[in-house]
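Novice: Next comes the sequence, and after it the predicted model I'd like to discuss.
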2 protein chains.
Amino acid sequence: MRDFTKGHPALALNTASLGHNLDGAGAGWSPERVIDACAARGFGGITFWRREIGSRAVAIGDRVRAAGMQVVGLCRTPFLTGPDVPAALADEMKAAIDMTAALGAPVLTIVTGGTEPGLRGLAGTWDLLAERLAPACDRAAEAGVRLALEPLNPMFGGNRTCLFTVADALEICDRLNHPALGIAVDVYHVWWDSRLSDSLARARGRILGYHLCDWLAATSDMLLDRGMMGDGVADLRAIRAAVEGAGYTGACEVEIFSAANWWRRDPGEVLDVIASRFRNCC
Amino acid sequence: MRDFTKGHPALALNTASLGHNLDGAGAGWSPERVIDACAARGFGGITFWRREIGSRAVAIGDRVRAAGMQVVGLCRTPFLTGPDVPAALADEMKAAIDMTAALGAPVLTIVTGGTEPGLRGLAGTWDLLAERLAPACDRAAEAGVRLALEPLNPMFGGNRTCLFTVADALEICDRLNHPALGIAVDVYHVWWDSRLSDSLARARGRILGYHLCDWLAATSDMLLDRGMMGDGVADLRAIRAAVEGAGYTGACEVEIFSAANWWRRDPGEVLDVIASRFRNCC
C-alpha cells in the first residue's frame, strides 16, 4: 500500500498541465494513466476537462476515488457572453453540470466569454452574464454542484472574459446572491492586482478553487506560456496565505498551459517537478 | 492659409501609429514629412519617440509649432525597474528629460519596467520605483517638464510594467507627491477596469496624457495588434468623458501599434482614417 502520509493531500493536478493530449502533448496518456501516475506521487486530487471525459464520467470519478484521491473539479462551462456563445447554451450548460455531478466533482469552473457583440465596455455584458447565469445556478444546485466564476487576466478581454479581477467576480456573485455560485482564483490571472488581498478577504466562503502556476517575466504567448511555480514573478506564498486566510480549505490545483516547454516533456517528469515545486515554492 | 476651424485641435498623432519607420513601416517618412501631413489634415499636435529626434529636438519642435500644432509629448523614459534597467539610468533619464524640454513638449511618458529581479509581487518593486523616480521628478521640474506614469495592461507585467491600473499609478503619485509627476491614461491598457471611472475622478489635476486606440475582440499579439478607434470593444466615449470630467483639457493622442494592419498601409491613408474615426467614434 502507498504511504499517503508522504503525499501532498492539498496538491491537485489540472490535466491541462499535461497538454490534455492536444497536438501530441501529454504523450497521449489516458485519464486512467494520469490517475495512476498522480496517485503514485501522492497527489490529493485531479481536475479534468470535459473533452477527456466523454460518457465515462462515473467510471473515471470512481477510479480517482479508488486511488485515494478526489475529483477536485471540471473545466469548464461554455461561454455565456461574447462572440462565441453556443447556439444551444442552456443544453450545453446542463450537460456540463450533469457531467460534473456524475464525476462526483464539487465544482464546475466558469469562463464567462467576452464582450457581447454590438456592446462596448462592461456594463451591458455584465447584465447579460447575470441573466444567463441565474438558471445555470439553479440547475447546479439541483445537481448538487457549485459554479466557480474565474476572472481572467485582462489580456483575455474581448473574446474570452468580461471579468478581470476577483472584485469583478464578487460583484457578479453579489448580484445573483445564489448559494451555488462562487469564484475560482488563478494566480496567473490575478497575481498583478494590487487590490488582491482586500478582494480575497471579502471573498470569504465563496472561494471554490485555487489554481497555481507562475507568471514568467518574459511571457511570449498569451494563452500557452504559463510558468512552473518558482520560475516567475508571482508571490505564490502571499497569494495562498490570502486565499486560505479567507477560509479556503480546498486543493491547490496546478494548471500550466505551456506549449513550448512543459507540454513537450514526459508527463511523469512534469508530475515530479510539480510535486517538488509545490513542496518548495508554494 | 489652412482653415484650422475645419481641423481637429484636440487630435494628436503619436508617431508610433505610423510604425515609426521600424521594419519598413511608415514608408520611411521623416519627422518633417509627418509634421506636414498632420498639419495638412488639421491635427492639433504630435507626440514623438526619442529615436526619431536624435540631436534635432529644437528644430523639430520649432517646425511643429510653425505648422500651427503643439508637440504634445515625448515617448518615453528608460525602464526604472525590472530586468531591463539601463546601467546608466540617471544619465539616460536626464537625456530624455532634456530632449523633452528642447522639443518644447510639456510631458515625458514613463513606462516603469517590470518586477525587479529577485523580487516577487509588487511591494518591493514599487519601493524601488518610488526611490528611483524621486530624482527624476526633481530633474523634470528643473527642466520645466512633467512626467506621466502610464499604467499598462496586466499582460505586460513581469518585464515591462509594475503599474497595472490608474489606481496603481495614483498610488505612486501619492507616495511621491511631486508637482512634476502625474499619469497618462491609454484606453488600450485600462478599458477593462471596472474601477476606471472612480479612479479617474480621483486623478483630477494629475492626468497629463490621454491615448487613444481600441481593443480588438480577438487580439492576436500582445504588443503589436492594437485596433483603430471603432474597431474594438473599448467604450471610448465613456472613457473620454471620464478623463475630461476629471479636468483634462489636453490632446487625444492616437497611438496604434499594428504590425499586421495599419503599419502596412500608406501613412497618408492612416492619418485620414484616424481623423475620420476621431470625429465619429471618440
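Specialist: Happy to help now that I have it.

Novice: Would you mind listing what in the stretch 1-150 of chain A touches chain B?
Specialist: A:82-83, A:114-115, A:119-122 (CB under 8 Å from any CB of the partner chain). C-beta here means a position set from N, CA and C on the backbone, and glycine is covered the same way.

Novice: Adding neighbour count as columns, could you present those in TSV?
Specialist: Below are the residues of the stretch 1-150 of chain A next to chain B laid out as TSV (neighbours: other CB atoms under 10 Å in any protein chain shown):
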residue	neighbour count
A:Gly82	24
A:Pro83	16
A:Gly114	24
A:Thr115	29
A:Leu119	18
A:Arg120	22
A:Gly121	20
A:Leu122	24
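
Novice: quick check, nearest of those to chain B?
Specialist: Nearest to chain B among the residues of the stretch 1-150 of chain A next to chain B is A:Gly121, at 3.2 Å by CB to the nearest CB.

Novice: how about the nearest residue to that closest one, chain neighbours excluded?
Specialist: Nearest in space to A:Gly121, with sequence neighbours left out and distances taken as CB to CB, 6 or more residues apart in numbering or on different chains, is B:Asp235 at 3.2 Å.

Novice: With A:Trp29 instead?
Specialist: A:Trp29's closest residue in space is A:Pro267 (CB to CB, 6+ apart), at 5.5 Å.

Novice: Next one: that neighbour from B:Val111, what distance?
Specialist: When distance is defined by CB to CB, to the nearest Å, A:Pro267 is 40 Å away from B:Val111.

Novice: picking up where we left off before, next, the contact list for the residue nearest to A:Gly121, please.
Specialist: Counting by CB atoms under 8 Å, 6 or more residues apart in numbering or on different chains, B:Asp235 touches A:120-121, B:191.

Novice: Including secondary structure, could those residues go into TSV?
Specialist: Output for these, formatted as TSV (DSSP: H, G, I helix; E, B strand; the rest coil):
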residue	secondary structure
A:Arg120	coil
A:Gly121	coil
B:Trp191	coil
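
Novice: Take those residues and lay them out in CSV including distance to A:Leu181.
Specialist: CSV is the format used below for the contacts of B:Asp235 (distance: CB to CB, whole Å):
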residue, distance to A:Leu181
A:Arg120, 26
A:Gly121, 23
B:Trp191, 26
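
Novice: Closest one of those residues to B:Gly245?
Specialist: Ranked by distance to B:Gly245 (CB to CB), the contacts of B:Asp235 are led by A:Gly121 at 15.6 Å.

Novice: so who does that closest one touch?
Specialist: A:115, B:191, B:233-235, B:238.

Novice: Give me the nearest residue to A:Cys162, chain neighbours excluded.
Specialist: A:Thr125 (4.6 Å).

Novice: And A:Val85, by the same measure?
Specialist: A:Phe79 (5.2 Å).

Novice: Surely the one you found is in contact with A:Met93?
Specialist: No. A:Phe79 is beyond contact range of A:Met93, at 10.4 Å (criterion: CB atoms under 8 Å).

Novice: Can you pull the phi/psi pair for the residue nearest to A:Leu196 when sequence neighbours are not counted?
Specialist: Setting aside the residues directly before and after it, A:Leu196 is nearest to A:Val190 in space (CB to CB, 6+ apart), at 5.6 Å. Backbone torsions of A:Val190, given as degrees, to the nearest 10, read phi -120, psi 0.

Novice: how much space between A:Val190 and B:Leu152?
Specialist: Taken as CB to CB, the span from A:Val190 to B:Leu152 is 16 Å.

Novice: ok, A:Ile97 touching A:Ala136?
Specialist: Yes. Using CB under 8 Å, A:Ile97 is in contact with A:Ala136, at 7.1 Å.
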